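Asker: below: sequence and its predicted model.
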Amino acid sequence: MNIANKLTFTRVFLIPFYIIFFIPTPSWLGEGLFTFHSKYGVLIALVIFVIASFTDFLDGYLARKLSLVTNLGKFIDPVADKILVTTALVMLVQRGMIGGWTVIIIIARDLIVDGLRLAAAQKGEVIAANVYGKIKTNFQLIAVIAYMLSFYLPIWYLPQILYAIAIIATVVSGYIYVKKSLEFIKD
C-alpha cells in the first residue's frame, strides 16, 4: 500500500476520535473529564477534523506528484471523504446546528454517485472523483470547520452561508456526475 492510500485510511481512522470529542459532553463522565470535554472537546474535534481534511488534499497531491494513482485510491478516496463529511454532518444535526433534511440531500447524492460507480465498475470502468466532486467536498469541509469555529469565534452567519453553498455544490456536482457517468453505463 502506497503513502497516498495510507493517508486515505488515516482519514478514516481519525473519524472515531473526532466523534468522541465532538459529541455533546455526556453527563455520566466524571467531574474532571466532564469539565475537560465541555471546555476542550469541540476544539480537539476541530483539530482532528482539520488534520483529517488535510489528508484529503495531501493524499491526492502525493498520488499525482509521485505517480501513485491506483484503482484502490480512486475508489477509497471518495469513500473516505464521504464517511468523514457524513459523520461531521450527522454530529452537527445531533447538536441542532443543521437540519437533517440537508444531510439527506448529501447522502442521496453520494449514494447515486456510488451506484453509478458500481455500475461502471461492473463494465470494467473506474470512475474517479472529478473536479466538481472535489469542489463539493471542499465546501462541505469548510462549512463543517466554520460551524466548529463558531463555538469559539463570533462568525455569525458565515457557517450557514458556507453550508448553503455546499448544498448547492452538492446538487450541481451530482447532476454533472450523473450526466457524465451515463456514458460509461449505457447498454
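Answerer: Received, thanks.
Asker: all contacts plus neighbour counts: C-alpha atoms, from now on.
Answerer: Noted.
Asker: the helix of greatest length in the chain - contacts with which helices or strands?
Answerer: Within the chain, and with DSSP state H defining each element, the longest helix by residue count is helix 31-65. For helix 31-65, the packing partners by 3 or more CA pairs under 8 Å, 6 or more residues apart in numbering; DSSP states H and E come out as helix 3-22, helix 71-94, helix 131-149.
Asker: let me see the mean pLDDT of it.
Answerer: Taken as a whole, helix 31-65 has a mean pLDDT of 92.
Asker: ok, stretch 130-139 next?
Answerer: Mean pLDDT, stretch 130-139: 87.
Asker: show residues contacting it.
Answerer: Under the criterion CA atoms under 8 Å, 6 or more residues apart in numbering, residues Asp81, Val85, Leu162, Tyr163, Ile165, Ala166, Ala169, Thr170, Ser173, Gly174, Ile176, Tyr177 lie in contact with stretch 130-139.
Asker: which of these count as buried?
Answerer: Asp81, Val85, Leu162, Tyr163, Ala166, Ala169, Thr170, Ser173, Gly174, Tyr177 (16 or more other CA atoms under 10 Å).
Asker: columns secondary structure and distance to Val50 on top of these, output as JSON lines?
Answerer: Output for these, formatted as JSON lines (DSSP: H, G, I helix; E, B strand; the rest coil; distance: CA to CA, whole Å):
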{"residue": "Asp81", "secondary structure": "helix", "distance to Val50": "13"}
{"residue": "Val85", "secondary structure": "helix", "distance to Val50": "12"}
{"residue": "Leu162", "secondary structure": "helix", "distance to Val50": "16"}
{"residue": "Tyr163", "secondary structure": "helix", "distance to Val50": "17"}
{"residue": "Ala166", "secondary structure": "helix", "distance to Val50": "17"}
{"residue": "Ala169", "secondary structure": "helix", "distance to Val50": "21"}
{"residue": "Thr170", "secondary structure": "helix", "distance to Val50": "20"}
{"residue": "Ser173", "secondary structure": "helix", "distance to Val50": "23"}
{"residue": "Gly174", "secondary structure": "helix", "distance to Val50": "25"}
{"residue": "Tyr177", "secondary structure": "helix", "distance to Val50": "27"}
